[in-house]
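Engineer: Test case, fold it:
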Amino acid sequence: MLELPAREDRPVLVLDLGGQYSQLIARRVRECRVYSELVGHTITPEAVRARNPYALVLSGGPASVYSDDAPRVDPGLFELGIPTLGICYGAQLMALELGGRVDRTGVSEFGRTSMEVSESRLLADTPPEQTVWMSHRDTVVSAPEGASIVASSPATPVAAFEAPERGLYGVQFHPEVVHTPHGMDVLKNFLYRAAEAPPSWTPAAVIEEQVARIRAQVGHERVLCALSGGVDSAVAALLVHKAVGEQLTCVFVDHGLLRQDEAEQVVETFGEHFHVPLVHVQAQERFLELLDGVEEPEEKRKIIGREFIRVFEEEARKLGDVRWLVQGTLYSDVIESGGTEGVAATIKSHHNVGGLPPDMKMRLVEPLRLLFKDEVRRVGEELGMAERMVWRQPFPGPGLAIRIIGAVTSERLEILRQADAVLQEEVRRAGLYGELWQSFAVLPAVRSVGVQGDERTYGYPIVIRAVTSDDAMTADWARLPYDLVETISARIVNEIPGVNRVVLDVTSKPPATIEWE
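Structural biologist: The predicted structure is shown next:
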């Protein structure tokens with residue numbers, strides 16, 4: 001295999017110490033236009049030195065620094081001379097390792113807290129009194145030797161400390177959350193002033209780098225792209241097309257698990273607008289047969305992922321044994337599938353990650369693997385994609401199969417398609433489509449008693465799921481207007497035979513995931 005070019009962007013490495021906001025920290029750093037990666041807290045000083053990072057960030061975490069099983073970092077990291085920022089648990093761990101003191105004072109802080117600030121590099125150009133978001137029981141009561149205390153709150157004498165000459169900074173609060181109004185200013189001070197990291201992580205830079213990497217990876221060989229019609233695979237296709245031109249052929253597999261009229265829209269959009277060679281494979285019966293009687297969600301995902309690859313391998317042979325397969329895998333997919341070297345537990349096997357067969361013959365090209373969804377959209381805009389395509393709501397690779405809770409049948413698919421079409425139509429009519437991260441219908445394969453036309457019915461329920469989010473790593477349930485919910489409910493029950501009940505999912509992520517399976 002050809003050697004890939006080295007990254008020009010030196011990273012900021014975010015060490016995950018188990019905090020719920022670890023991924024958010026990495027995103028916020030990128031929003032400052034500095035490239036970041038999430039890595040395990042067990043990373044060695046040698047491995048860090050090899051990456052030549054601009055800075056390190058130690059995340060928060062739920063543990064107490066004095067617990068026997070508390071996550072630790074190698075103390076040698078602090079001797080590398082690399083600017084380091086500790087956040088919450090990360091600040092406590094840094095203080096403890098460097099000679100400070102952390103106590104459980106009996107006074108906790110959770111939520112918005114008033115904080116007083118003194119002159120410092122980290123908190124420069126922020127108000128002398130400001131609101132921050134705290135979430136801790138343990139407290140730094142004594143800063144590391146040689147460090148200055150630069151902020152305090154009523155319950156936290158050391159809300160922030162710094163030792164600029166050693167490149168060490170710690171904050172007890174969470175600058176990465178929106179509840180800390182000046183949090184991004186704090187991160188920018190650390191990145192630009194302390195770490196001297198240039199804001200060079202831009203969509204144009206991503207495109208330039210990925211085009212070079214793709215050309216180096218595939219050389220002059222033919223490439224297939226797994227096209228779903230969603231923004232991820234579309235951006236991946238355009239990036240590869242920009243890199244290798246006519247070496248690329250897109251393959252769109254209609255697995256029978258798409259939404260209403262979706263297959264036709266995909267073929268029309270790519271045929272008319274992108275002028276990329278497109279093979280349309282009709283494989284509805286093939287997938288339905290394999291899913292017959294399967295109820296377990298992970299099994300569904302893996303069956304669909306495995307069969308996708310088999311279809312692509314067949315198409316590759318028809319085209320002359322194409323060896324490269326493009327997929328729109330995202331960084332959030334990799335994290336949730338447990339693919340970041342122990343950083344995160346496996347939440348679910350994503351179609352582009354955990355659903356791939358181990359004996360796959362083709363090799364992967366994944367130009368979006370290091371990007372979050374919002375970054376993919378900005379790259380799509382830079383590539384000239386139409387706004388309606390760029391801002392289309394995410395749709396999972398396994399399609400409606402994981403929105404039917406239970407076995408997948410033709411009857412259930414048709415009911416769900418009709419219900420989802422009603423939901424999408426009404427959400428768009430209300431002008432809310434662009435404000436929602438996702439809105440979709442779910443069909444649990446259970447039945448309940450109802451009464452319609454003075455007769456007893458025994459029909460399916462439909463669940464309405466609508467969420468707001470920035471990147472799908474966390475999400476909040478959308479507060480849809482009641483009159484909209486009423487309209488959707490009435491239309492679904494009245495227009496779709498077999499449905500006699502509509503319910504609304506009001507669960508955030510966490511504890512739930514966005515999709516039901």
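
Engineer: On the three-state scheme, the spatially most central residue of the chain is what?
Structural biologist: To find the centre residue of the chain, average its C-alpha atoms and take the closest one (C-alpha atoms, centre = their mean): that gives Ser332, at 3.1 Å. With DSSP: H, G, I helix; E, B strand; the rest coil as the basis, Ser332 sits in helix.

Engineer: Please, where are all the helices along the stretch 101-250 of the chain?
Structural biologist: Counting by DSSP state H, counting those that start in this stretch, residue ranges of the helices within the stretch 101-250 of the chain are 183-188, 203-218, 231-244.

Engineer: Quickly compare those helices and say which is most buried.
Structural biologist: helix 231-244 (a mean of 24; mean count of other C-beta atoms under 10 Å). To be clear about C-beta, it is placed using only N, CA and C from the backbone, and glycine gets the same treatment.

Engineer: got the CA coordinates for it in CSV?
Structural biologist: Only the C-alpha atoms of helix 231-244 are listed here, as CSV (Å, rounded to 0.1, in the frame of the first residue of the first chain):
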residue,chain,number,x,y,z
VAL,A,231,-25.0,13.9,3.3
ASP,A,232,-22.1,11.7,4.6
SER,A,233,-21.8,9.4,1.6
ALA,A,234,-22.5,12.3,-0.8
VAL,A,235,-19.7,14.4,0.6
ALA,A,236,-17.4,11.4,0.7
ALA,A,237,-18.2,10.7,-3.0
LEU,A,238,-17.5,14.3,-4.0
LEU,A,239,-14.2,14.3,-2.1
VAL,A,240,-13.1,11.1,-3.8
HIS,A,241,-14.4,12.3,-7.2
LYS,A,242,-12.4,15.5,-6.8
ALA,A,243,-9.3,13.4,-6.0
VAL,A,244,-9.5,10.7,-8.6
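
Engineer: angle of that helix against helix 203-218?
Structural biologist: Between helix 231-244 and helix 203-218, the angle formed by their directions is 70 degrees, by axes from the mean of the first three to the mean of the last three C-alpha atoms, to 10 degrees.

Engineer: so how far is helix 231-244 from its chain's centroid?
Structural biologist: Between the centre of helix 231-244 and the centre of its chain there are 19 Å (C-alpha atoms, centre = their mean, to the nearest Å).

Engineer: Need the residues that contact that helix.
Structural biologist: Residues outside helix 231-244 that contact it (C-beta atoms under 8 Å, 6 or more residues apart in numbering) are 207, 210-212, 214-215, 218, 223, 225-227, 248, 250, 274, 276, 326-330, 365-368, 373, 376-377, 379-380, 383, 385, 389-392, 394.

Engineer: I'd like the list of those residues that fall within strands, please.
Structural biologist: Within these, residues falling in strands by DSSP state E are 223, 225-227, 248, 250, 326, 365.

Engineer: still on that earlier bit, only whichever of the contacts of helix 231-244 are buried, select them in PyMOL.
Structural biologist: Buried residues among the contacts of helix 231-244 (16 or more other C-beta atoms under 10 Å), as a PyMOL selection:
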select buried, resi 207+210+211+214+215+218+223+225+226+227+248+250+274+276+326+327+328+329+330+365+366+367+368+373+376+377+379+380+383+385+389+390+392+394
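
Engineer: which residues of this structure score low on pLDDT?
Structural biologist: For the chain, the stretches with pLDDT under 70 are 1-9, 105-108, 229, 271-273, 336-357, 453-454.

Engineer: If you count residues, where's the longest helix of it?
Structural biologist: Of all segments of type helix in the chain, defined using DSSP state H, the longest is helix 297-318.

Engineer: just checking, what packs against that one?
Structural biologist: strand 223-227, strand 248-254, strand 278-282, helix 284-291, strand 324-326 (3 or more C-beta pairs under 8 Å, 6 or more residues apart in numbering; DSSP states H and E).

Engineer: The same query, at a cut-off of 6 Å, please.
Structural biologist: Judged by 3 or more C-beta pairs under 6 Å, 6 or more residues apart in numbering; DSSP states H and E, the packing partners of helix 297-318 are strand 248-254.

Engineer: distance between the strand it packs on and the chain's centre?
Structural biologist: Here strand 248-254 shows a centroid-to-chain-centroid distance of 24 Å under the convention C-alpha atoms, centre = their mean.

Engineer: now stretch 249-257
Structural biologist: If you compare the mean C-alpha spot of stretch 249-257 with that of the full chain, they lie 24 Å apart, counting by C-alpha atoms, centre = their mean.

Engineer: which of the residues in that stretch are buried?
Structural biologist: 249-257.

Engineer: In this protein, which strand is the longest?
Structural biologist: strand 101-117.

Engineer: Sheet partners, orientation included, of that strand?
Structural biologist: The strands beside strand 101-117 in its sheet (DSSP bridges) come out as strand 129-142 (antiparallel), strand 148-153 (antiparallel).

Engineer: just to revisit the earlier point, identify the residues contacting the residue nearest to the centre of the chain.
Structural biologist: With contacts defined as C-beta atoms under 6 Å, 6 or more residues apart in numbering, the neighbours of Ser332 are 372, 471-473.

Engineer: Pull out the buried members of those residues.
Structural biologist: In the contacts of Ser332, burial by neighbour count holds for 372, 471-473, counting by 16+ other C-beta under 10 Å.

Engineer: closest to Ala490 among the residues you listed?
Structural biologist: The shortest distance between Ala490 and any of the buried ones among the contacts of Ser332, using C-beta to C-beta, involves Ala472 and amounts to 30.2 Å.

Engineer: sec struct for that closest one, please.
Structural biologist: Three-state assignment for Ala472 (three-state DSSP): coil.

Engineer: Leu484 now?
Structural biologist: Note that with three-state DSSP, the state of Leu484 is helix.

Engineer: Glu129 versus the closest residue to it other than its chain neighbours, what's the distance?
Structural biologist: What sits nearest to Leu484 in space, not counting adjacent residues and going by C-beta to C-beta, 6 or more residues apart in numbering, is Ala430, at 5.1 Å. The span separating Ala430 from Glu129 equals 41 Å under the rule C-beta to C-beta, to the nearest Å.

Engineer: now swap in Ile149 and tell me
Structural biologist: Where Glu129 is concerned, Ile149 sits at a distance of 16 Å (C-beta to C-beta).

Engineer: Same question for Arg429.
Structural biologist: Following C-beta to C-beta, the distance that separates Arg429 from Glu129 is 46 Å.

Engineer: before we move on, what about Ala283?
Structural biologist: Spatial separation of Ala283 from Glu129 under the definition C-beta to C-beta is 62 Å.

Engineer: now do Arg166
Structural biologist: From Arg166 to Glu129 the distance is 28 Å (C-beta to C-beta).

Engineer: And these two? Which one has more around it.
Structural biologist: Neighbours per residue (other C-beta atoms under 10 Å) separate Arg166 from Glu129, with Arg166 holding more: 16 against 9.
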